[in-house]
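Undergrad: coords please:
(one chain, ligands or ions: 1)
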Amino acid sequence: MKVLVVGTGYVGATTALIFAEQGHQVTGVDVDEKKIASLRAGKLHFYEEGLEELLVKHLQQQLIFTTDMEKAVQENEMIYICVGTPQKEDGSANLAYVEQVARAIGQYMNGYKTVVTKSTVPVGTAEKVTNWIAKAQTKPYEYDVVSNPEFLREGSALYDALHPDRIVVGASTERAFQKMRVLFGEVNCPYVETEPKASELIKYAANSFLALKISYINELARLCDSLHINVKDVANGMGLDKRIGTSFLGAGIGYGGSCFPKDVNALLNTAAQSSRPLTILAKAVQVNESQTLYALEKMEAALGGWKEKTIAVLGLAFKADTDDMRESPSLKMIHYLLQQGVTVKVHDPVAKYTGGGVLQCASVAEAIQGADAVFLCTDWAEYKQLDWGSLSKEMNQPIVLDGRNCLDAKQLREAGVQYYGLGV
Ligand code: UDX
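TA: Model prediction:
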């Protein structure tokens, strides 16, 4: 099938590449000429395992990139909207880019179109898109607006796209459902058909539930600290109940990224506007915000204060296998430490710190040299394999705060490290 993907940011580029891999004829369009030039040259503007290979593989055959929106709309019946929906100051999602695209589709369309929103958009957006298209139309061509949220995790986008837990399609007409069934063909996962509003809410509800799970285990981790219980054992024991599940019960310094914080706020905003506040979710946000502080206080007690201390922060990305630092807890940590007058040395295998005031180190050894403590903020595989016994000898004090509970506490303690986890 021919598919147009509007917006070639993380979601758009990934969607375009996956469709191309699935055998569709894909056009990616963007107003950003630099991005398009780079994609045409086979260069991806973000780090995501396996995707650049797909880009090079499909370029010019299954996949083309353009800035010509008019031609792109006219040549494609299936149009995916994948532009950004940044957070506004009040926590709601900014739909300005979605509106621009919807209006352009209305203006340029030359026949029937299926217009699909892939970006995470608030409940009621499909209706808005329908109206924006209608207003911009020069002729009353027919069209359907569909919601098909993405559930990809950064760092595992390719795997997730090829092995989805489910596909959700929200539409209002049988014609639209039919078009989407043709697009997806045979699928190896549950395929949920529902109304657009439900589909839009599913995405927010799912991400918010995962955020709740993380905040719940993080608060339990604090309780475990005071009761001297290992939260990992608790998470495992409770998670093995199939109704609970073991995933997203990893205690740590809290969730970050471009999705959870933004989506949770957007859902809170939607709920407040409907006079049905999601109080439990508001608490989860509070727990997430105070979790970093909890970790810092734990460290301050271990160090006996921040005065004249040097801290090595390992990991800047909000999670492993990505260079994305958006809403990363590590940045909150660094900000706090700098405010306390601490000397901060940072290392990340991929991400680079863009603010000032810290020493960016090229290796873990360089970051650790002479430090009073290590703060591990991202669970990179590289950090789990380090020889902490010999590395800690290069430190002023062998103190390690494992903000992701990803190191082997027993092994580190046996190697003479003063190990601290969260609930470990
Ligand atoms: C998330 C959703 O998982 C995905 O379905 C959606 O499409 C986009 O948002 P992503 O933002 O890539 O994906 O990250 P995810 O792997 O979900 O992790 C989010 C944050 O939670 C990270 O900061 C991670 O470190 C943290 N996390 C995750 C925990 O603290 N504990 C856990 O047990 C799991």
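
Undergrad: so what's Val364 up against?
TA: The neighbours of Val364, taking Cβ atoms under 8 Å, 6 or more residues apart in numbering as the test, are 314, 347, 382-383, 386, 391. All C-beta atoms are positioned from the backbone trio N, CA, C, and that covers glycine.

Undergrad: can you check Ile36 too?
TA: Taking Cβ under 8 Å, 6+ apart as the test, what Ile36 contacts is 8, 28-30, 65-67.

Undergrad: out of these, which are buried?
TA: 8, 28-30, 65-66 (16 or more other Cβ atoms under 10 Å).

Undergrad: out of those residues, which touch the ligand?
TA: Filtering the buried ones among the contacts of Ile36 for proximity to the ligand by Cβ under 6 Å from any ligand atom leaves nothing.

Undergrad: Output those in a markdown table, with pLDDT, secondary structure and distance to Val400 appended to each entry.
TA: Below are the buried ones among the contacts of Ile36 laid out as a markdown table (pLDDT from 0 to 100; DSSP: H, G, I helix; E, B strand; the rest coil; distance: Cβ to Cβ, whole Å):
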| residue | pLDDT | secondary structure | distance to Val400 |
| --- | --- | --- | --- |
| Thr8 | 97 | coil | 41 |
| Gly28 | 98 | strand | 44 |
| Val29 | 98 | strand | 48 |
| Asp30 | 98 | coil | 43 |
| Phe65 | 98 | strand | 45 |
| Thr66 | 98 | strand | 50 |
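
Undergrad: Show me the contacts of Val364 that map onto strands.
TA: 314, 347 (DSSP state E).

Undergrad: Also near the ligand: which of the contacts of Val364, exactly?
TA: Within the contacts of Val364, nothing lies near the ligand by Cβ under 6 Å from any ligand atom.

Undergrad: mind giving me CSV with the contacts of Val364 and columns for neighbour count?
TA: Output for these, formatted as CSV (neighbours: other Cβ atoms under 10 Å):
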residue, neighbour count
Leu314, 27
His347, 26
Glu382, 14
Tyr383, 23
Leu386, 19
Leu391, 20
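
Undergrad: which residue ranges form the strands in the stretch 51-200 of the chain?
TA: For the stretch 51-200 of the chain, applying DSSP state E, counting those that start in this stretch gives strands covering 63-66, 78-81, 113-117, 143-147, 167-170, 191-194.

Undergrad: just the helices in the stretch 251-400 of the chain please.
TA: Under the criterion DSSP state H, counting those that start in this stretch, the stretch 251-400 of the chain contains helices at 260-273, 279-303, 329-339, 364-368, 381-384, 388-391.

Undergrad: Give me the distance between the two termini of stretch 112-126.
TA: 17 Å (Cα to Cα, to the nearest Å).

Undergrad: How far off centre is stretch 289-304?
TA: Centre-to-centre, stretch 289-304 and its host chain are 25 Å apart (Cα atoms, centre = their mean, to the nearest Å).

Undergrad: Can you pull out the residues in contact with it?
TA: In contact with stretch 289-304 (Cβ under 8 Å, 6+ apart) are residues 215, 218, 222, 225, 252-254, 306, 309, 329, 332-333, 336-337, 372-373, 375, 397, 399, 401, 403, 418, 420, 422.

Undergrad: so which of those are also by the ligand?
TA: Okay, of the contacts of stretch 289-304 touching the ligand (Cβ under 6 Å from any ligand atom), that's Gly252.
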